[in-house]
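Student: pasting a predicted model and its sequence here:
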Amino acid sequence: MGLINWARRQSPWLLHFNTGGCNACDIEVVAALTPRFDVERFGALLKGSPRHADIMVVTGAITGQVKNRLKRVYEQMPEPKFVVAVGTCCISGGVYRGAYNVEHGLDTVIPVDAYVYGCPPKPEAIVKAIEALQNKLKALEAK
Amino acid sequence: MSITPLLLKHIFKKRATILYPFKEREKVHLPEGFRGELKFFREKCIGCGLCFRACPSETIEMSVDEKGKRPIFYLDRCTRCQQCEEVCPTKAIELTQNFETVYFDRKSTIIK
Amino acid sequence: MSIKIPIGPQHPALKEPENFTFTLDGEYVVKVEARIGYMHKGIEKLMESKNYIQNIPLVERICGICNVAHTICYAQNVEYLYEKPIPRRAEFIRVIIEELNRIHSHLLWIGIAAHLVGFDSFFMYTWRDREVVMDLIELLTGNRVSTALMTIGGVRRDIDDSKAYKLRKGLDILEERTKYYKKIAEDEKSLLVRLRDIGRLTPAEAIKHSAVGPTIRASNIKVDVRADDPYAAHDEVPFNVITYDTCDVFGRLMVRIDETLESINMVRYCLDHMPSGPIRIRLPNAPPPGESVSRVEAPRGEDIHYVKSNGTDKPYRYKVRAPTLGNLSALIEMLTSKGDYLVHVADIPVVLGGIDPCMCCMDRSVKFIDPVKGKEWSLTWEQLKLYAKRKWEKEGIKAKCP
């Protein structure tokens, strides 16, 4: 069992879903895959289908039309799965708080495991979030 | 001419990756004037309320304690635009160089 | 027999949520239906409840990639209401940041277009060189993407000699790399086969569907707001308007590479001829009542804003028309097969990416949909006023306006 958990921890495959923000956190997530910051040294790959993914990286403020589709994509991912919220608009609504079509945070829709603050956060912060999630899982398994 | 000469030349060059976070932390590009996480000095604040009128995203709320009026900061709504630091007359708000803001819960980022 | 394929909100080829339904006949696309509205947030209504200073970061986040164009348009709009000119040094600094933003946006697009075709090496090389521009923007403004540099009455930070020296060194590196990419784009066989004669838009069709930006400049029509209607310091800084006559995605790629080289020369001219003086003036909180319109050339096309003020410190009405809205009906025209012009299914991602879509700027709500009953309908302006009046009268509030 320890071998399977080690294998799952050392190769987290990512799925990226943009839920309707301003696209700035989006290009910082794609920039984390380019040679200078290179999140692929942790074993992460960007995949296209939710059935292949372990971690879902969500960016953007949640609008009314996207909410049901987000829940459907989350339910299609197989267990064990984790969610990382990138950017201030995803965590609490950000600058758009008070608008009629925006939810006040991602944890009103699906459960969240890690929050990355910033508007937009540097790609180094996104790399650190993947590493912090790996350390947290290692500590949980050692208990 | 195609891209093959460029690919062959790059076999002998050194790598472009910065090995953050294990080694090479000093190579991260952090210029002077970088806008990172917010820090508040309570003893310099006079309670004028100018920062509340300049903040775009409901980060600041005014409340009253035993020393007078003061702001409460909800850092999970801050966009780091630096407008509060610009209008403060006593320099009680400062944006530091901290960019590693990864947290596992939202309650730990409320400054009172 | 025809098959319908939806390319929906979550798809590896799209970076933003939007929905297209393609009707196929064998391998060729016959009809396209677009459904937008996934990114509609209600920004224009939110702007009426915040004052003019609080609205600056909100306007910056209409779009994250072309944020400098939206902020310059907003600041100019409100400054026209005051009818006071801003210092000349501030206008030169605005042009420097705007052209640096254009360079970063075009290098981003070249990488994404190569990635959609399958040429991942080119994608990695272009984005590695884009880091040079991002470091320069971070040095001047404090953040890589959201530059909070404009304010009403000027700019907030200045450029001193050490920053200007680093700027010049970075521009030399960029110019040498961009000229090398231009040589590759003209000769590399794998790019030419995938991009030549794809997404054809003739000049007559381009004018009829009101395309803007590099999409129309690749069909041999000279349209550019910086030359037709100069704003900021563009009446003094010289440049050429680039056009190509191939009318396909390859022409749009070459237009963007040449515009990057023009922008590098414009930044160098501004650094050499920068006047001295203050960088901002102080203006009162509430502008006088009136209306104003301003236009700006964003990296994707022409961007128009309208403001109406009634003397208080909050705007009465603000309207934004983003450049991708003009390109949307031209996109639907490019994706349908007619006569001897056939569109294969494998060409859909490149044509979609070829107009450089920025759906987040564009989403303004248009239609009402009831998913339970399966009905869709839209209302005119008069019907909307009558509906609102009846609803509030039921709750006991009388309407004040007719």
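Tutor: Alright, I've got the coordinates.
Student: after the host helix or strand of C:Ile72, which helix or strand is next?
Tutor: In the assignment (DSSP states H and E), C:Ile72 maps to helix C:67-82. Towards the C-terminus, the helix or strand next in line after helix C:67-82, according to DSSP H and E, is helix C:88-117.
Student: what is the rounded mean pLDDT of that next one?
Tutor: For helix C:88-117, mean pLDDT rounds to 93.
Student: ok now stretch C:235-253, how far from the chain's centre?
Tutor: Centroid separation for stretch C:235-253 versus its chain: 16 Å, with Cα atoms, centre = their mean, to the nearest Å.
Student: brain fart, stretch A:10-25
Tutor: On Cα atoms, centre = their mean, the centre of stretch A:10-25 falls 6 Å from that of its chain.
Student: and that stretch, which residues are buried?
Tutor: A:12, A:14-25 (16 or more other Cβ atoms under 10 Å in any protein chain shown). From N, CA and C alone the C-beta is placed, and that goes for glycine too.
Student: and what of stretch B:26-42?
Tutor: For stretch B:26-42, using 16+ other Cβ under 10 Å, the buried residues are B:Phe34, B:Arg35, B:Gly36, B:Glu37, B:Leu38, B:Phe40.
Student: ok, the third one to chain C distance?
Tutor: By that I understand B:Gly36. If you measure B:Gly36 against chain C using Cβ to the nearest Cβ, to the nearest Å, the figure is 9 Å.
Student: what sits against the residue nearest the centre of chain B?
Tutor: For chain B, the residue nearest the mean C-alpha position is B:Gly36 (1.9 Å; Cα atoms, centre = their mean). Under the criterion of Cβ atoms under 8 Å, 6 or more residues apart in numbering or on different chains, the neighbours of B:Gly36 are B:Arg80, B:Leu95, B:Thr96, B:Gln97, B:Asn98, B:Phe99, B:Thr101.
Student: give the bridge partners for C:His305, please.
Tutor: C:Ser294, C:Val320 (DSSP bridges).
Student: okay, it: pLDDT?
Tutor: pLDDT, read off for C:His305, is 93.
Student: and if you look at B:Thr59?
Tutor: Value for B:Thr59, per-residue pLDDT: 91.
Student: tell me the contacts of it?
Tutor: B:Phe73, B:Tyr74, B:Leu75, B:Arg77, B:Cys78, B:Thr79.
Student: ok, now with 7 Å
Tutor: Shown in contact with B:Thr59 (Cβ atoms under 7 Å, 6 or more residues apart in numbering or on different chains): B:Phe73, B:Tyr74, B:Arg77, B:Cys78.
Student: now C:Thr178: phi and psi?
Tutor: phi -70, psi -30 (degrees, to the nearest 10).
Student: without its sequence neighbours, what residue ends up closest to it?
Tutor: Excluding the flanking residues, the one nearest C:Thr178 by Cβ to Cβ, 6 or more residues apart in numbering or on different chains is C:Thr260, at 5.3 Å.
Student: mind picking the two most distant members of the buried residues of stretch A:10-25?
Tutor: A:Pro12 and A:Cys22 (26.4 Å; Cβ to Cβ).
Student: doesn't A:Leu137 fall inside a strand?
Tutor: No. Checked against DSSP: H, G, I helix; E, B strand; the rest coil, A:Leu137 lies outside a strand; its state is helix.
Student: what pLDDT is listed against it?
Tutor: At A:Leu137, pLDDT is 87.
Student: please apply the same query to A:Met77.
Tutor: At A:Met77, the pLDDT recorded in the model is 93.
Student: so for chain A, the centremost residue is which one?
Tutor: Closest-to-mean residue, chain A, Cα atoms, centre = their mean: A:Val57 / 2.0 Å.
Student: quick one: B:Glu32 from chain A, how far?
Tutor: 16 Å.
Student: show me what contacts the residue in the stretch 301-402 of chain C that chain B sits nearest to?
Tutor: In the stretch 301-402 of chain C, the residue that lies nearest chain B is C:Asp313 (9.6 Å; Cβ to the nearest Cβ). Going by Cβ under 7 Å, 6+ apart, C:Asp313 touches C:Asn51, C:Tyr52, C:Asn285, C:Ala286.
Student: 10 Å - rerun?
Tutor: B:Arg53, C:Lys50, C:Asn51, C:Tyr52, C:Ile53, C:Gln54, C:Pro284, C:Asn285, C:Ala286, C:Pro287 (Cβ atoms under 10 Å, 6 or more residues apart in numbering or on different chains).
Student: helix, strand, or coil at the fifth one?
Tutor: C:Ile53 falls in the coil class when you classify it by three-state DSSP.
Student: let me know the pLDDT of the residue in chain A that chain C sits nearest to.
Tutor: Nearest to chain C in chain A, going by Cβ to the nearest Cβ, is A:Ala24, at a distance of 2.8 Å. We have a pLDDT of 91 for A:Ala24.
Student: surely it touches C:His104?
Tutor: No. Using Cβ atoms under 10 Å, A:Ala24 is not in contact with C:His104, being 11.9 Å away.
Student: and the strands in chain B?
Tutor: B:38-40, B:60-65, B:68-74, B:93-95, B:102-103, B:110-111 (DSSP state E).
Student: so C:Ala218 touches C:Tyr244, yeah?
Tutor: Yes. When contacts are counted by Cβ under 10 Å, C:Ala218 is listed as touching C:Tyr244 (5.2 Å).
Student: neighbour count for these two, which is higher?
Tutor: Remark: of C:Ala218 and C:Tyr244, C:Ala218 carries more neighbours, 28 against 18, as counted by other Cβ atoms under 10 Å in any protein chain shown.
Student: if anything else comes up later, I'll come back, but that's it for now.
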